[in-house]
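Novice: have a look at this prediction, sequence included:
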Amino acid sequence: MPKDFGIGAASKRREDVRFLTGNGKYVDDINLPRQAYVHFLRSPVAHGRIRSIDVSAAAAAPGVLRVFTGEDFKDVGGLPCGWQVTDKHGQPMKEPPHPVLAQGKVRHVGDPVAAVVAETRAQARAAAELIAL
């Protein structure tokens, strides 16, 4: 029997009806003039060192506007934790670095390593496959 409140209770969202009835608008439904697409090359390994990334073939691929790697974001900082966790004394947790794109090492399968921006989704994906990691 479903719970009506608390942990484990079904949550009612105001957008559910439009998406379940086919009246919602998804990001894939948006098509703007001069729109670009991004495809992320993600780590195939759970933990590893990045010795080199060669994006030259991807950057030269048809329709590619730009290829980004962790080096492009080294001065940006990292992605913050969703909320700050404190210990029993109220001290904030020591948050490990979480770069926008992997820098020097990957920490989990699916860790984003590079981002390819292109004129079409297919061009971005095809170019990402040309990146030598």
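Specialist: Yep, that arrived.
Novice: which helices and strands does the longest helix belonging to the chain pack with?
Specialist: Looking only at the chain and at elements set by DSSP state H, the helix with the highest residue count is helix 121-128. With contacts defined as 3 or more C-beta pairs under 8 Å, 6 or more residues apart in numbering; DSSP states H and E, helix 121-128 has these neighbours: strand 37-42, helix 56-59, strand 64-69, strand 112-118. C-beta here means a position set from N, CA and C on the backbone, and glycine is covered the same way.
Novice: skip the chain neighbours and tell me the closest residue to the spatially most central residue of the chain.
Specialist: The C-alpha lying nearest the average C-alpha coordinate of the chain belongs to Pro112 (C-alpha atoms, centre = their mean; 6.2 Å). If the residues on either side of it in the chain are set aside, Pro112 comes closest to Phe40, at 4.6 Å by C-beta to C-beta, 6 or more residues apart in numbering.
Novice: also Pro44?
Specialist: Val109 (6.7 Å).
Novice: poorly predicted segments of this structure, please.
Specialist: 1-6, 81-82 (pLDDT under 70).
Novice: tell me the bridge partners for the residue nearest to Pro112.
Specialist: Per DSSP bridges, the residues bridged to Phe40 are Ala115.
Novice: so it is in contact with Asp111, correct?
Specialist: No - with contact defined as C-beta atoms under 8 Å, Phe40 does not count as touching Asp111 (9.7 Å).
Novice: neighbour-wise, which of the two wins?
Specialist: Set Phe40 next to Asp111 and count neighbours by other C-beta atoms under 10 Å: Asp111 wins out with 21 against 16.
Novice: returning to that earlier point: how much space separates the residue nearest to the centre of the chain from Phe68?
Specialist: Separation of Pro112 from Phe68 (C-beta to C-beta, to the nearest Å) stands at 10 Å.
Novice: can you check Val113 too?
Specialist: Applying C-beta to C-beta to Val113 and Phe68 gives a distance of 10 Å.
Novice: ok, Leu101 - contacts?
Specialist: Phe68, Thr69, Gly70, Asp72, Phe73, Pro112, Val113, Ala114, Ala115 (C-beta atoms under 8 Å, 6 or more residues apart in numbering).
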